[in-house]
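Enquirer: structure for this input, please:
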Amino acid sequence: MTAAGFNPVPAAAEVPSWDSLFAVDFGLAVWTVLTFGALLFVLGKFAWRPLMAALDAREKSIQGDIDEAKRQRDEAEALLAEYREQLADGRRQAQALVAESREAAEELRRELEAKARDESRVILANARREIERERDAAVDAVRREAVEVAMAAASRLVDERLDSERDRKLVTDYIDDLAGSGGAWT
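Expert: Purely as a prediction, here's the structure:
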């Protein structure tokens, strides 16, 4: 094995030229087209329908998920609107309750003031009646005392003792005449 007759690189490993890359081999092209067609036929017959069914199922699943998400979103929006309405209604009820409480408190205040005024009128009227009774009692006491004093003075002047019942009647009538005519005893 000499260096002159031995080529360590096999012939198939030789680098092809650029011309052979663009050269068309019709036999190879026919077999490639036939193989590709047979592959398409087999895939179409056995794999295409299951693939399309799987894709359709996936599409329906995704569309169902989208529809469910939309439904849930719409439901959530409806619930949110309902909760907001309930909250607003609760606020309105609370405001109405506060206003009602204020009105009730104001009404109670007015009633208590009216009751206090009525009670003060009653107390004042009772006090006036009591004062009137006391005044009348005092006037009667002063009249009695005046009758006694007048009788005592008249008795000394006349120097005789008159009938006390008759004298008292006489003096009482005189004092009543003074009181009726706007005298000092009224």
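Enquirer: need the three-state assignment for A23.
Expert: coil (DSSP: H, G, I helix; E, B strand; the rest coil).
Enquirer: show me which helix runs longest in the chain.
Expert: helix 49-158 (DSSP state H).
Enquirer: could you point out which element follows it?
Expert: helix 164-180 (DSSP states H and E).
Enquirer: against which helices or strands is the longest helix of the chain packed?
Expert: Contact partners of helix 49-158 among helices and strands, from 3 or more CB pairs under 8 Å, 6 or more residues apart in numbering; DSSP states H and E: helix 164-180. C-betas here are computed from N, CA, C, even on glycine.
Enquirer: re earlier: angle of the longest helix of the chain against helix 164-180?
Expert: If you take axes from the mean of the first three to the mean of the last three CA atoms, to 10 degrees, helix 49-158 sits at 130 degrees to helix 164-180.
Enquirer: among the helices and strands of this structure, which has the poorest mean pLDDT?
Expert: Sorting the helices and strands of the chain by mean pLDDT, DSSP states H and E puts helix 18-21 at the bottom, at a mean of 67.
Enquirer: report the mean confidence score over the helix or strand just after that one.
Expert: Downstream of helix 18-21, the first helix or strand assigned by DSSP H and E is helix 26-42. Mean pLDDT, helix 26-42: 93.
Enquirer: and the contacts of helix 26-42?
Expert: The contact list for helix 26-42 (CB atoms under 8 Å, 6 or more residues apart in numbering) is empty.
Enquirer: could you list the low-pLDDT ranges of this structure?
Expert: The chain contains residues with pLDDT under 70 at 1-21, 153, 155-163, 181-186.
Enquirer: what is the neighbour count of L170?
Expert: 16 (other CB atoms under 10 Å).
Enquirer: look up how far A116 lies from it.
Expert: 52 Å (CB to CB, to the nearest Å).
Enquirer: stretch 42-61: which residues count as buried?
Expert: Buried residues in stretch 42-61, counted by 16 or more other CB atoms under 10 Å: none are found.
Enquirer: can I get it in CSV? Just the C-alpha atoms.
Expert: Output of stretch 42-61 as CSV, limited to C-alpha atoms (Å, rounded to 0.1, in the frame of the first residue of the first chain):
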residue,chain,number,x,y,z
VAL,A,42,-52.9,7.7,3.9
LEU,A,43,-52.9,10.8,6.2
GLY,A,44,-56.2,11.9,4.6
LYS,A,45,-57.8,8.5,4.9
PHE,A,46,-56.7,7.7,8.4
ALA,A,47,-55.3,10.8,10.2
TRP,A,48,-57.1,13.8,8.7
ARG,A,49,-60.6,13.1,10.2
PRO,A,50,-59.3,12.4,13.7
LEU,A,51,-57.0,15.4,13.5
MET,A,52,-59.9,17.6,12.3
ALA,A,53,-62.2,16.1,14.9
ALA,A,54,-59.7,16.8,17.6
LEU,A,55,-59.2,20.4,16.3
ASP,A,56,-63.0,20.8,16.1
ALA,A,57,-63.4,19.4,19.7
ARG,A,58,-60.7,21.7,20.9
GLU,A,59,-62.3,24.7,19.1
LYS,A,60,-65.7,23.8,20.6
SER,A,61,-64.0,23.4,24.0
